[in-house]
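S.K.: Pasting the sequence and the predicted model now:
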Amino acid sequence: MTSNWTPSSWQALPAMQQPESPDPAELERVLKQVASLPPLVFAGEARNLTTQLGRAARGEAFLLQAGDCAESFDEFSADAIRDKLKIILQMAVVLTYSSGVPAIKVGRIAGQFAKPRSSPTETVDGVELPSFRGHLVNSPVFSAAARTPDPERLLAAYHQSAATLNLLRAFTQGGFADLTRVHQWNREFVASSPAGQRYEEVAAGIDRALRFMAACGVDTETEPQLHQADMWTSHEALVLGYEEALTRRDSLTGDWYDCSAHMLWIGERTRQLDGAHVEFLSGVGNPIGCKLGPTATPEEALALCERLNPDRVDGRLTFISRMGADQVEDRLRPILRAVTDAGHPVLWACDPMHGNTFTSESGHKTRHLEDVLSEISGFFAAHRAEGTWPGGVHIELTGGDVTECLGGSTEVLAADLDTRYETVCDPRLNGRQSLDLAFRLAELLSKQQR
Ligand code: PEP
Ligand code: CO
């Protein structure tokens, strides 16, 4: 944080990837309205998440951050939210049951509506239009009107985030995440697959463990940990006007929090040390993440630590590396070493998605599960070599039976990609592939020295 940080101090710095609204007065009016609406999360919750993430940074827990690449205004239903929660709960159960390490569940959900783009425009049949930047900004439909940034979308995103968060809270506190319901999280198309059957064995083991505890005299009925779960929210803090409008001073501590989500992260394209995004997130009290791509150097990582976590608070800063399967070991190791030698407490998470994307012959943007798993293995190997703790993963997935990524124990082939390719941005693992990943991760975790 610069000594004169304010929620708007980022405005004096270059801000990449911002929408260019054709009507600044209208944007101003909407931002004022967003600023007058209630916060979506409470500062105390963000502090609790920092404490949890601190445990993961120290090797006592594991971060499972997962959800859509981009949430959609068109896929907004109780069923879609419930199905995403189900797969994340299933993955967390597999991780914890198989490795004994508690999983901290953070969704890319309830606010993940803005996308950075490699190119500001897209050309189709000789027509050039602004790129789609997520439903917070414009529409993916290829017309000049649909691609023009519309400030009203900020309000729609706020309300969809509020409703999504409300349902997540209801599900996780109201009995849906109860450990006696582990079988019911397994959906038909997952349950009938090899991964789903393996999951049933884990669920049966949990049943036995609960019966065992009850038989030993533990009152399993009243133990809240068995009946409720925490599901935190997160998104990329990209459109800074929106984030600023939801930044509020905590009445208990006097500190500023970005109350649009519990955790916010800085993307690979906006992590410039002297840029607006780093400035903005340096001053809010939330736990924050920062992506590190293959060009990131140890010096940059150290400078980001100094800038984003000068007080060296455990759980405050998560580095999310996304190097690509071939590069992760070589690129990550010197960064792990430099940050550890400098004594900075960082939670290290692996995004095995964004460094492994390619375009299939059919023209679909896709990823192969084997590459994804291979980056995770390389990430673990780098940590083994440096004596550090691989504290988490960051995954793009959905609960549904989509065909967007290749591979898996129920294999999605190149010819299947067109069948149910539904993402509005990057390709997501489907429910079965997500469970495959959880089992592989559990094996790696149980082997890792703590
Ligand atoms: C993303 O997480 O969807 C994304 C755009 O990632 P990155 O900033 O790592 O490219
Ligand atoms: Co993505």
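M.R.: Arrived safely, thanks for sending. Ligands and ions are numbered 1, 2, ... in the order given.

S.K.: Using the three-state scheme, assign the closest residue to residue 422 other than its chain neighbours.
M.R.: Spatial nearest neighbour of residue 422, chain neighbours left out: residue 402 (5.3 Å); criterion: Cβ to Cβ, 6 or more residues apart in numbering. Every residue, glycine included, has its C-beta placed from N, CA and C. Counting by DSSP: H, G, I helix; E, B strand; the rest coil, the backbone at residue 402 sits in coil.

S.K.: And residue 402, how far from residue 249?
M.R.: 41 Å (Cβ to Cβ, to the nearest Å).

S.K.: residue ranges for the strands of the stretch 151-300 of the chain, please.
M.R.: 232-236, 247-249, 256-258, 263-266, 288-292 (DSSP state E, counting those that start in this stretch).

S.K.: Tell me which of residue 402 and residue 249 has more neighbours.
M.R.: residue 402 (21 against 13; other Cβ atoms under 10 Å).

S.K.: For the more buried one, which residues are in contact?
M.R.: Residues in contact with residue 402 (Cβ atoms under 8 Å, 6 or more residues apart in numbering) are 420, 421, 422, 423, 428, 430.

S.K.: Give me the neighbour count for the last one.
M.R.: Here the number of neighbours of residue 430 (other Cβ under 10 Å) works out to 27.

S.K.: My read is that it contacts residue 407, right?
M.R.: No: look at residue 430 against residue 407 with Cβ atoms under 8 Å: they stay out of range, at 10.8 Å.

S.K.: In the stretch 51-200 of the chain, which residue sits closest to ligand 2?
M.R.: residue 69 (3.4 Å; Cβ to the ion).

S.K.: Assign that residue to helix, strand or coil.
M.R.: Classified using three-state DSSP, residue 69 is coil.

S.K.: quick one: it from residue 233, how far?
M.R.: 16 Å.

S.K.: between those two, which one's more packed in?
M.R.: Legend: neighbour count by other Cβ under 10 Å for residue 69 and residue 233, higher for residue 233 (26 against 21).

S.K.: dump the residue contacts of that one.
M.R.: 40-41, 106-107, 109-111, 161, 165, 168, 261-263 are the contacts of residue 233 under Cβ under 8 Å, 6+ apart.

S.K.: just residue 19 next, same as before
M.R.: 133, 137, 138, 149, 239.

S.K.: so which of the contacts of residue 233 are also by ligand 2?
M.R.: Counting by Cβ under 5 Å from the ion, nothing from the contacts of residue 233 sits close to ligand 2.

S.K.: Whichever of these end up buried, select them in ChimeraX.
M.R.: Burial among those is assessed by 16 or more other Cβ atoms under 10 Å; the matching ChimeraX selection reads:
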select :40,41,106,107,109,110,111,161,165,168,261,262,263
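
S.K.: In TSV, list the contacts of residue 233 along with distance to residue 294 and pLDDT.
M.R.: As requested, those are arranged in TSV below (distance: Cβ to Cβ, whole Å; pLDDT from 0 to 100):
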residue	distance to residue 294	pLDDT
40	34	98
41	33	98
106	24	98
107	26	98
109	27	98
110	30	98
111	27	98
161	32	98
165	34	98
168	34	98
261	27	98
262	28	98
263	24	99
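
S.K.: does the closest residue to residue 127 other than its chain neighbours belong to a helix or a strand, and which?
M.R.: Spatial nearest neighbour of residue 127, chain neighbours left out: residue 142 (7.8 Å); criterion: Cβ to Cβ, 6+ apart. Remark: residue 142 resides in no helix or strand, with elements defined by DSSP states H and E.

S.K.: residue contacts, the nearest residue to residue 413 once chain neighbours are set aside?
M.R.: Computed as Cβ to Cβ, 6+ apart, the closest residue to residue 413 that is not its neighbour in sequence is residue 406, at 7.0 Å. Residues counted as contacts of residue 406 (Cβ under 8 Å, 6+ apart) are 360, 366, 367, 368, 369, 412, 413, 414, 417.

S.K.: Quick one: buried ones out of those?
M.R.: Buried members of the contacts of residue 406, counted by 16+ other Cβ under 10 Å: 366, 367, 368, 369, 412, 417.

S.K.: Could you point out the member of those that lies closest to ligand 2?
M.R.: residue 367 (10.0 Å).

S.K.: Is that closest one in contact with residue 358, as I believe?
M.R.: Yes: in this structure, residue 367 is within contact of residue 358 by Cβ under 8 Å, at 7.4 Å.

S.K.: Tally up the residues packed near the residue of the chain found nearest ligand 1, please.
M.R.: The chain approaches ligand 1 most closely through residue 267 (3.1 Å), counting by Cβ to the nearest ligand atom. When neighbours are defined as other Cβ under 10 Å, residue 267 has 22 of them.

S.K.: In this model residue 293 seems to touch it, though I could be wrong.
M.R.: No: counting by Cβ under 8 Å, residue 267 sits too far from residue 293 to count as a contact (9.5 Å).

S.K.: still on that earlier bit, contact partners for the residue of the stretch 51-200 of the chain closest to ligand 2?
M.R.: Contacts of residue 69 by Cβ under 8 Å, 6+ apart are 108, 112, 115, 396, 423, 424, 425, 426, 427, 428.

S.K.: So which residues on the stretch 51-200 of the chain come close to ligand 1?
M.R.: 69, 116 (Cβ under 6 Å from any ligand atom).

S.K.: how about 5 Å then?
M.R.: By the rule Cβ under 5 Å from any ligand atom, the part of the stretch 51-200 of the chain lying against ligand 1 is residue 69.

S.K.: what pLDDT, on average, does stretch 197-210 get?
M.R.: When pLDDT is averaged over stretch 197-210, the result is 93.

S.K.: tell me which residues of that stretch are tucked away?
M.R.: 198, 199, 202, 203, 206, 210.

S.K.: Repeat that for stretch 295-314.
M.R.: Buried, per 16+ other Cβ under 10 Å, within stretch 295-314: 296, 298, 300, 301, 302, 304, 305, 307, 308, 309, 313, 314.
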